[in-house]
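Chemist: Okay, here's the prediction I keep looking at, along with the sequence it came from:
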Amino acid sequence: TLQRMGHADFYPNGGYDQPSCSKTSGKILNLILQLGTMNVDGFLVTSLCSHLAAVYFFTDSVRNQCPYVGYSCSNFDDFTAGKCSLQCDGKTHQCNRMGYWASSTSGKGDLFLRTQDANAFPYCINHYQITLQSGSDYAQTRGVVTVTLVGSLQTVSVTFDDGDTTFTRNSLVTRFIPLTVNIGEVQQVEIDFKKKANLLTTLLYSPSWTFTKATVLDGDNQHSRVFCAGNSINAKDSKIRLASC
């Protein structure tokens, strides 16, 4: 349910249709078809799928292997867009653990988090937030930005921006990055920039760009680290490495 019911209300995956479950818009038709053919098993799966996910998440939380941290935000769209901080300060940014280990004194209000679907065990999603700070060398640019996080356990590459954002001089751009694997402590960051090549972008946007800092926040462990670099990205050398600073 999306109705507020307690001091802390958790909305995994937005609290509506859970991953791998039928979308609400199609459930009514599915129910009619299944009842008409006496498909009782299908009826139960369709109608109870998202509700049963809550049971799976709670029972899994007892094992204490997934943190299931929920973060305060006005809505799920803003949360997934990276508009709400994962930095838990107990004031503006509230946080609490969903399930068995929920605290009666920690974060209250509407709390959002991502999980994997009920068929992908364990259900953990690791919540990261990455902020890239642009330099002052160029006016603006657009392009596909890929960020590689080199962790102590694993290395992963994620799409930070697919070319829809205009990066401007000295700007800060933040993205929410959900990871299905535990990469450990982030030790190094690599940024790959590929400018979109067409007449409009050639005229309006710089082929080179400078990212001076990358801030990586591991929300579930409340660990933040800043990485710095000074060289610009260009068409011939599109990847740079940022070291902890």
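Modeler: The structure has been received and is ready for your questions.

Chemist: what's the neighbour count on residue 141?
Modeler: Using other CB atoms under 10 Å, residue 141 is surrounded by 24 other residues. In short, each C-beta sits where N, CA and C put it, glycine included.

Chemist: How about the one 3 residues further on?
Modeler: Here the count is done by other CB under 10 Å, and residue 144 has 16 residues near it.

Chemist: same deal with residue 208?
Modeler: Quick note: residue 208 (other CB under 10 Å) scores 16 neighbours.

Chemist: Same question for residue 186.
Modeler: Neighbour count for residue 186, taken as other CB under 10 Å: 23.

Chemist: swap in residue 98?
Modeler: Neighbour tally, residue 98, other CB under 10 Å: 24.

Chemist: Make sure it is actually in contact with residue 113.
Modeler: Yes. Using CB atoms under 8 Å, residue 98 is in contact with residue 113, at 6.5 Å.

Chemist: Could you please give me the overlap between the contact lists of these two?
Modeler: Common contacts of residue 98 and residue 113 (CB atoms under 8 Å, 6 or more residues apart in numbering): 10, 12, 68, 69, 70.

Chemist: Show the contacting residues for the second one.
Modeler: Remark: with contacts taken as CB under 8 Å, 6+ apart, residue 12 is in contact with 18, 53, 54, 57, 68, 70, 98, 112, 113, 114, 115.

Chemist: quick one: which of the residues you listed is nearest residue 190?
Modeler: Ranked by distance to residue 190 (CB to CB), the contacts of residue 12 are led by residue 114 at 24.0 Å.

Chemist: Could you find the closest non-adjacent residue to the closest one?
Modeler: Closest residue in space to residue 114, ignoring its immediate chain neighbours: residue 125 at 4.2 Å, by CB to CB, 6 or more residues apart in numbering.

Chemist: How about residue 220?
Modeler: residue 67 (4.5 Å).

Chemist: what's the burial count for that neighbour?
Modeler: The burial count for residue 67: 19, using other CB under 10 Å.

Chemist: can you check the one 5 residues further on too?
Modeler: Residue 72: 22 surrounding residues under other CB under 10 Å.

Chemist: And residue 150, by the same measure?
Modeler: Using other CB under 10 Å: residue 150 sits among 16 other residues.

Chemist: can you check residue 80 too?
Modeler: Around residue 80 there are 17 other residues, counting by other CB under 10 Å.

Chemist: and the residue nearest to it when sequence neighbours are not counted, helix, strand or coil?
Modeler: Leaving aside its sequence neighbours, residue 80 sits nearest to residue 176 (CB to CB, 6+ apart; 5.7 Å). For residue 176, the secondary-structure state derived from DSSP: H, G, I helix; E, B strand; the rest coil is strand.
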